[in-house]
Every structure is written in C-alpha cells, then in structure tokens.
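A.B. asks: Sequence unavailable; structure follows:
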Ligand code: GRF
C-alpha cells in the first residue's frame, strides 16, 4: 500500500471543506491522511467533525498569533506532518511559520483569484455585477490569497442571486475542488 502523506487541517468554523477532505481521504488511493485538526475557535463545528471521525484535534486561541503558531508547530512536528490544508481558517499565517513548517500549505478561497482577495467576497462580487464568480485552491505564501493557483472552478451568477445563494452555490463547488486539488498536487 502507498503511504499517505501525514496532513494537518486548520479550521475556524463550519468545517464543511474539512468534511469533504475527510470523506475523500477514506479512499485508499487518495494521497493524504488527516492526522490532526487544529482550530482557533473553540466553538467551531469542525471540532465536532474531528470527534465524529475520530481524528485528533487541538484548540489553540489565536489571540496571540505567536503563541498559536508555536503551539501548532509543536504538534505538527511531533506528528511528522508534511502537508497543511487551510479550510475556512480565518487567520493569516506569518512568514516565520510558513518557513519553519517547510512543506506545502494550501488554502481555499471563495472567489476567482486574483480577483476578490480577502473578506466579503460575495458582497463585493454582487455589488460589481460580475457575471461569474467561483472558488480557488492555491498555495499559501505570506501574502494574503496570493500564492500560485492550483485549481479554480467558475460559477455562473444569476440576476436573483443573493449573498447567501451565491455562497451556497460556490461552497458546493469548493467541496469538489479541494479534494481534486490535493490529488493534482501529489499526482
Ligand atoms: C469557505 O467558503 C472557504 O472558501 C473560506 O471559508 C469558508 C469555509 O467554509 N475560506 P467551511 O468552514 O469549510 O464550511
């Protein structure tokens, strides 16, 4: 059997992308195995998923980013983790952390990068009357939402789309795009 890459997922909220990665990783040919979930939000639904799927998890507050990163790195190194996925993780990682980890880090963002980096993407997209939006999986660098793009999926915007409906549509695509991106990196 091929050895799977030991992976950590960082979350802050609902964890629906986390769940899609967990489900994909049950396939024996999927390249990674989630060995650890780290949340910076004690109330994240993603923590419930960690329990549901019996995956080790840690909560570290990120009020002090330095301490958050130090604690996370300690756990990551202890478990020989060699790949990090950010899935709805709402904090920017420092260049020190990225360097010290030393392996690939990827993130999912709900827009067609390089357009609409940062927060409130749906609102801004609708305000600008865009025809399309979508989602992007990209490598993480110290610059927010700016690393090399791995895969993107375009979504058509309807006249009567609201922030909520657009978010729902894009999220559905995210759940496919994230696992596909992981496969494409390690192919
Ligand atoms: C997703 O829209 C993702 O693109 C963004 O945050 C949201 C997280 O959703 N970075 P979930 O926690 O994976 O459900």
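C.D. replies: Yep, it's here. This one's a predicted model, so the numbers in the text were calculated from it and none came from an experiment.

A.B. asks: mind checking which helix or strand the closest residue to the ligand within the chain is in?
C.D. replies: Going by CB to the nearest ligand atom, the ligand is nearest to residue 88 of the chain, at 2.6 Å. For every residue, glycine as well, the C-beta is placed using N, CA and C. Assigned by DSSP states H and E, residue 88 belongs to no helix or strand.

A.B. asks: Okay, now the unreliable bits of the protein?
C.D. replies: In the predicted model of the chain, residues 1 satisfy pLDDT under 70.

A.B. asks: can you list the residues of it near the ligand?
C.D. replies: 13-18, 87-88, 108-110, 135, 171, 174 (CB under 6 Å from any ligand atom).

A.B. asks: okay, now the residue of the chain closest to the ligand: neighbour count?
C.D. replies: The local packing of residue 88 (other CB atoms under 10 Å) involves 24 other residues.

A.B. asks: Contacts only, for the residue nearest in space to the middle of the chain.
C.D. replies: Taking CA atoms, centre = their mean as the criterion, residue 87 is the residue nearest the geometric centre of the chain, at 2.2 Å. By CB atoms under 8 Å, 6 or more residues apart in numbering, residue 87 lies in contact with 9-11, 15, 17-18, 21, 46, 108, 178.

A.B. asks: Start and end of stretch 98-112, how far apart?
C.D. replies: 24 Å (CA to CA, to the nearest Å).
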